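Novice: Dropping a prediction and its sequence here:
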Amino acid sequence: MPSTASQLERSLRRLQISGSQETSTQEQWVPSKYNSDVTQYALVRPPRAPCGNRQLFGFPIIKKEIWQLGAISFRHIQPDKTLPDDCTFLAMNSLTFIKVSLGLRISTMAQGKVVGDSKHIPSECMSLGEVLLLVLWRDTEPEATCPTQSQVHYLAHKLKRSPGWWVEVP
């Protein structure tokens, strides 16, 4: 029987991302119910898509940016070590470096076809009708795995673009 992780990976490979206004929404934050000791904020989950599909929170991105963030994160995690001069090493480990460096609970990529209007997706993130996302959270995940505002703002500053919610379209 396949593991949940492998099922998720297969699901993400078949993902289609919608860039239309009615299916992609901006980030909104509310006080977290998860942690009562310290005032923290959690993302507001958008209303369930009419089609019932899962929604993903993340950034449109290109592979080069993921590798650049991976290199920055590697230097943050291991400041005394030299980054290997191996493109494969960086390509295979960038998401892990980003996840560990920023303390994220979820850091994955999703690639899919753009359905609808693409004017809200930076052109450099699209190729032949496809867009790549750096996914930080899914609406099906518990609030405890939600990224923090500082994690999201750090990535928004580095990428020079805003994140949003994206509807998974089969």
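Specialist: All right, it came through fine.
Novice: hey, let's count contacts and neighbours off CA atoms from now on
Specialist: OK.
Novice: Can you list the neighbours in contact with stretch 70-89?
Specialist: 90, 93-98, 100-102 (C-alpha atoms under 8 Å, 6 or more residues apart in numbering).
Novice: Just the buried ones from those?
Specialist: 90, 93-98, 100-102 (16 or more other C-alpha atoms under 10 Å).
Novice: which of those residues lies closest to Pro31?
Specialist: Lowest distance from Pro31 to these (C-alpha to C-alpha) belongs to Leu102, with 20.7 Å.
Novice: what's the closest non-adjacent residue to the closest one?
Specialist: Using C-alpha to C-alpha, 6 or more residues apart in numbering and skipping the chain neighbours, the partner closest in space to Leu102 is Gln151 (6.3 Å).
Novice: Kindly reformat the contacts of stretch 70-89 as TSV and extend each row with secondary structure.
Specialist: Shown next, in TSV, are the contacts of stretch 70-89 (DSSP: H, G, I helix; E, B strand; the rest coil):
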residue	secondary structure
Leu90	helix
Asn93	helix
Ser94	helix
Leu95	helix
Thr96	helix
Phe97	helix
Ile98	helix
Val100	helix
Ser101	helix
Leu102	helix
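Novice: I'd say Glu124 and Ile62 touch.
Specialist: Yes - counting by C-alpha atoms under 8 Å, Glu124 touches Ile62, with 7.2 Å between them.
Novice: Columns distance to Thr145 and pLDDT on top of the buried ones among the contacts of stretch 70-89, output as TSV?
Specialist: As requested, the buried ones among the contacts of stretch 70-89 are arranged in TSV below (distance: C-alpha to C-alpha, whole Å; pLDDT from 0 to 100):
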residue	distance to Thr145	pLDDT
Leu90	25	90
Asn93	21	95
Ser94	20	96
Leu95	16	96
Thr96	16	96
Phe97	17	96
Ile98	15	96
Val100	14	96
Ser101	16	95
Leu102	13	95
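Novice: hmm, back to that, higher neighbour count, Glu124 and Ile62?
Specialist: Neighbour tally, Glu124 and Ile62, criterion other C-alpha atoms under 10 Å: the higher count belongs to Ile62, 18 against 10.
Novice: what's the spacing between the residue in the chain sticking out farthest from the centre and Phe74?
Specialist: Residue farthest from the centre of the chain, counting by C-alpha atoms, centre = their mean, is Asp80 at 28.3 Å. Per C-alpha to C-alpha, to the nearest Å, Asp80 is found 10 Å from Phe74.
Novice: One more: Gln68?
Specialist: Taking C-alpha to C-alpha, one finds Gln68 at 10 Å from Phe74.
Novice: Please consider this matter closed, and thank you.
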